[in-house]
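Colleague: Please work out how this folds:
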Amino acid sequence: ANGYIVMEGKERADEWPPALRPVGDLAAALSRFLEAKVQPAQHSGHSEFRIFEARTPPTVALPGYMRRIVRHANPGHEAILLAVVYVERLEKMYQSFGVSPLNVHRVLIAALLLGAKLSCDNFYTNAHFSQVVGISAAETKSLELSLFSLLQYRLRAADLELIRAYHSLCALMPG
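Modeller: Model prediction:
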């Protein structure tokens, strides 16, 4: 079975391609995945989502932000796939949640950080990750803990969820 993926339940390696696409390609597809979900900027009426909202949309575009994260924090395949799973879970669990220009960067930060901590033995500290993403370590910790709570502390993903996330991202890649 594929040693790259954190799975729950029976592993079905025959549904994975013989080789995973490079992390950089998956990361670029993750930014496209999130951009496709962005709805018009509006502040959430629900307090549990406000922590993810910036006062104004960040000036750095999501693809460039994602390239910076890949270059300096090196998230693995697993972290990227888990980020997809976490965003999809938020959308299913909370009808009032939506990705917007005000929260997309912070949702990405929290989802990647949680995914990396679950799937990687050696992940960067919150202090390092905070420097990479341009926010304080305290704010990074708050985003991480808020997403962890919103996901009801359920971070593991079934193999089928990861396979679907992988194929969703591959569909957003050129060629």
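
Colleague: Provide a list of residues in contact with residue 70.
Modeller: Contact criterion CB atoms under 8 Å, 6 or more residues apart in numbering gives 23-24, 27 as the residues in contact with residue 70. No exception for glycine: its C-beta is placed from N, CA and C like everyone else's.

Colleague: these two touch, right, residue 28 and residue 64?
Modeller: No - in this structure residue 28 lies outside contact range of residue 64 using CB atoms under 8 Å: 10.6 Å.

Colleague: where does the chain have its least confident helix or strand?
Modeller: For the chain, using mean pLDDT, DSSP states H and E, the weakest element among its helices and strands is helix 47-50, scoring a mean of 83.

Colleague: Show me what that one packs onto, helices and strands only.
Modeller: Using 3 or more CB pairs under 8 Å, 6 or more residues apart in numbering; DSSP states H and E as the contact criterion, the elements in contact with helix 47-50 are helix 137-150.

Colleague: average pLDDT for the helix or strand following the helix it packs on?
Modeller: Elements were assigned by DSSP states H and E; along the chain past helix 137-150, the next helix or strand is helix 159-171. Averaged across helix 159-171, pLDDT comes to 92.

Colleague: Comparing residue 28 and residue 64, which residue is more hemmed in?
Modeller: Looking at residue 28 and residue 64 with other CB atoms under 10 Å, you find the greater number of neighbours at residue 28, namely 20 against 10.
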